[in-house]
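>>> quick check, what structure comes out for this input:
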Amino acid sequence: MKNKRFEKVYTQGSVNVTEIWVDTETGVNYMYHTAGYGGGLTPLLDAYGNVVVTRLEKED
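Sure thing, here's the model as predicted:
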């Protein structure tokens, strides 16, 4: 079975939902927010405006 490209690492809310997803190939974190019929996805930024990247452990 092929590994999933994105992994959900955080979720908050039930009607207005905020989630954080990590790209398992690059480590880049994305924030997804949905409210009603609308939603959006954006790279997650730190306090300095840099993209948040999760250090990935390489599998042998």
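
>>> got a list of what the residue sitting nearest the centre point of the chain touches?
Centroid-nearest residue in the chain: Trp21, 1.9 Å away (criterion: Cα atoms, centre = their mean). Neighbouring residues of Trp21 by Cβ atoms under 8 Å, 6 or more residues apart in numbering: 6-9, 29-30, 32. No exception for glycine: its C-beta is placed from N, CA and C like everyone else's.

>>> please name the bridge partners of it.
Lys8, Tyr30 (DSSP bridges).

>>> rewinding a little: Tyr48: which of the contacts of Trp21 is nearest?
Distance to Tyr48, by Cβ to Cβ, is smallest for Asn29 among the contacts of Trp21, at 14.6 Å.

>>> hmm, the closest one is touching Tyr10, no?
No: assessed by Cβ atoms under 8 Å, Asn29 is found out of contact with Tyr10, at 9.2 Å.

>>> who touches Glu57 in this structure?
With contact set as Cβ under 8 Å, 6+ apart, Glu57 has no partners.

>>> out of the contacts of Trp21, which comes closest to Val17?
Of the contacts of Trp21, the one sitting nearest to Val17 (Cβ to Cβ) turns out to be Tyr32, at 7.9 Å.

>>> hmm, back to that, buried members of the contacts of Trp21 into ChimeraX, please.
The following ChimeraX line selects those of the contacts of Trp21 that are buried, judged by 16 or more other Cβ atoms under 10 Å:
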select :29,30,32
